[in-house]
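Turn this into a structure:
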Amino acid sequence: MFVAGHLLIVTEYRRITDNLTEAHRLIAISDDLVNTHYLVVLNVQDAERQVRYDAAVGRAKDTLAHLDATIQSKESRIAYRGAKNILLGIMRDCEKSIGLVRQGNIQQIGDYYAETHRKNDFLKTNVAKLILAEIDYVRLLESRIRRAHQIGIFAGLALFGTMTAGCVVFAFIFSARLTAPLLKLTRLASHVAQGNLKIEPGGDLLDRQDEIGKLSRSFGIMIVNLMDAIQRLEESNKDLDDFTHIVSHDLKEPLRGIDSFSKFVVEDYGQILPPEGNEYLRRIRDNVTRMRALIDDLLKVSKLNRPNAAERVPLGELLRDVRQRLGHLLDSGKVELVVPENLPELVCDSVRLKEVFANFISNAVKYNDKDRCRIEIQYRVTEGKHEFRVVDNGPGIAPEYHERIFQIFQRLPGSSGKEGTGVGLAIVKRIIEGHGGRVWVESEPGKGTAMVFTIKGGAMSNTRGGL
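Below is the predicted model of the structure:
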């Protein structure tokens with residue numbers, strides 16, 4: 001009975017090991033699905049890209065089918081259902097966007113693109129919950145193994161009916177022979193589940209010819225497969241980066257030609273052209289400039305999934321850098337920017353956080369309808385997060401646009417004459433969510449606007465932050 005209980009634990013442990021492998025694989029599959037879908041959208045006629053996308057869909061379905069059959073604990077099933085529903089939603093959005101492109105309807109592609117990336121981020125959170133639930137089950141399994149160890153000792157003592165030292169040693173060795181390697185594998189599983197793949201079963205486990213040896217060898221194969229999947233994902237991301245840069249260069253080249261030739265026409269023939277002709281040329285050059293900005297913004301969106309190293313950042317210095325960067329907007333004498341005196345140091349991505357503040361401040365200036373624009377940055381800690389408010393005295397935003405402005409390519413009515421591509425706030429939203437926070441608008445028409453966002457990150461100390 002004691003041995004049968006250990007064999008049952010070994011079987012259960014093998015199932016959990018497989019689940020951890022598939023859970024990690026869900027993240028790589030989702031990233032691959034989004035990336036290959038993006039490549040298909042860029043060129044729906046490319047059969048090779050379609051094959052890669054179909055293969056990613058197939059891997060996603062196979063992994064879900066495996067987890068459907070093997071996830072058992074209540075907590076794990078709750079987390080898994082969340083991850084599964086998100087992945088199915090990503091697959092539906094990918095199919096819809098590809099279908100729209102095939103029909104020649106590209107107006108909604110931006111929304112689907114942003115939505116798939118948002119869901120992909122949520123998927124990673126749910127997979128992390130699933131892994132933690134399985135780790136908790138591993139810990140429960142470990143406690144059962146320890147109890148089995150103790151039972152084995154007492155069973156050996158009872159079997160021989162004597163308290164001699166030899167019986168104690170025999171019972172301990174008999175139990176430890178089974179439980180010690182399982183405890184070692186349990187600790188190994190915890191390391192792998194937390195992303196440490198630079199660890200592998202030792203030779204004492206791999207050389208065994210029993211069920212524990214088979215489990216150890218399966219575990220080693222799992223680690224190799226995970227490392228291979230991660231490497232393929234990194235190669236896929238690199239291919240996508242190379243592709244987006246090539247596309248960017250190829251798109252900008254004809255734009256440079258259009259801009260140069262239209263400039264030559266204005267310089268050489270502007271005096272003999274009618275006013276309408278000069279106006280048309282001006283519009284051509286303005287649209288070329290906007291198209292360049294749009295390409296640059298799309299490149300930024302494509303890079304948002306690439307993690308940057310967090311660093312300790314004095315927010316006062318960060319905002320001074322933003323102030324200097326926006327000097328052409330803020331030094332007109334018509335803009336007042338108010339920043340708190342004492343701001344903390346945070347652990348964050350300084351480059352991307354500067355992008356957030358620069359976007360909010362430049363929008364506040366760009367859309368302000370008052371003789372004097374006033375912008376105030378406010379800071380507080382709430383519910384364990386750092387909350388920032390960028391408040392202006394502008395025209396305000398109607399409630400029906402509070403969510404829409406964060407969607408890619410969405411702009412406010414009446415903003416067609418303003419500089420911008422409709423991508424900036426979508427980038428900001430992704431950056432803030434990448435910092436474990438959220439962003440929203442508090443505004444009414446005619447009463448100004450407050451762009452509010454929170455981020456995670458430990459405050460290190462207070463530093464002078466005034467500009």
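
and V439, how far is that from R352?
Distance from V439 to R352, counting by Cβ to Cβ, to the nearest Å: 13 Å. Where C-beta positions appear, they are placed from N, C-alpha and C, glycine not excepted.

before we move on, what about V34?
20 Å.

Kindly report the same for L294.
L294 is 20 Å from R352, by Cβ to Cβ.

more crowded one of the two?
R352 (19 against 16; other Cβ atoms under 10 Å).

got a list of what the spatially closest residue to the more buried one that is not a sequence neighbour touches?
Among residues not flanking R352 along the chain, I431 sits closest, at 4.5 Å (Cβ to Cβ, 6 or more residues apart in numbering). By Cβ atoms under 8 Å, 6 or more residues apart in numbering, the contact list for I431 reads 304, 349, 352-353, 355-356.

Of those - the most surrounded one?
Neighbour counts for these (other Cβ under 10 Å) peak at V356, which has 27 neighbours.

Which secondary structure element is home to it?
Using DSSP states H and E, V356 sits in helix 350-366.

what's that helix in contact with?
Residues outside helix 350-366 that contact it (Cβ under 8 Å, 6+ apart): 308, 311, 313, 318-319, 321-322, 325-326, 329-330, 335, 337, 373, 375, 377, 390, 392, 394, 418-420, 424-425, 427-428, 431-432, 434-435, 449, 451, 453, 455.

tilt between the helix or strand just after that helix and helix 350-366?
The helix or strand immediately downstream of helix 350-366 is strand 373-382, counting by DSSP H and E. Comparing the axes of strand 373-382 and helix 350-366 via axes from the mean of the first three to the mean of the last three Cα atoms, to 10 degrees yields an angle of 140 degrees.

State the mean pLDDT of whichever helix or strand comes after strand 373-382.
Going down the chain from strand 373-382, the next helix or strand is strand 385-392, by DSSP H and E. Averaging pLDDT along strand 385-392 yields 93.

thinking again about what came up before, would you convert the contacts of I431 into a markdown table that also reports pLDDT and distance to Y367?
Shown next, in a markdown table, are the contacts of I431 (pLDDT from 0 to 100; distance: Cβ to Cβ, whole Å):
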| residue | pLDDT | distance to Y367 |
| --- | --- | --- |
| L304 | 61 | 24 |
| D349 | 84 | 27 |
| R352 | 86 | 23 |
| L353 | 89 | 22 |
| E355 | 87 | 18 |
| V356 | 92 | 17 |
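
can you tell me which two in those are farthest apart?
L304 and L353 (13.3 Å; Cβ to Cβ).

Is there a neighbour count for the nearest residue to C373 once chain neighbours are set aside? I'd like the number.
Nearest residue to C373, sequence neighbours excluded (Cβ to Cβ, 6+ apart): V335, at 4.6 Å. Residues lying near V335 (other Cβ under 10 Å) number 18.

go on, V381?
Other residues near V381 number 11, with proximity taken as other Cβ under 10 Å.

and what of V313?
20.

how close does it sit to P395?
The gap separating V313 from P395 is 33 Å, by Cβ to Cβ.

How is this structure partitioned into domains?
Domain assignment for the chain by automatic domain parsing gives 2-233, 311-464.

mean pLDDT for those: which is lowest?
Lowest mean pLDDT within the domains of the chain: domain 2-233, at a mean of 69.

buried residues in stretch 340-354?
Residues of stretch 340-354 classed as buried by neighbour count (16 or more other Cβ atoms under 10 Å): 340, 343-350, 352-354.

before we move on, what about stretch 51-71?
In stretch 51-71, the ones that count as buried by 16+ other Cβ under 10 Å are 52-53, 56-57, 59-60, 63-64, 67, 71.

picking up where we left off before, select only the buried ones of the contacts of helix 350-366 in PyMOL?
Command for PyMOL that selects the buried part of the contacts of helix 350-366, burial taken from 16+ other Cβ under 10 Å:
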select buried, resi 313+318+319+322+326+329+330+335+337+373+375+377+390+392+394+420+424+425+427+428+431+432+434+435+449+451+453+455
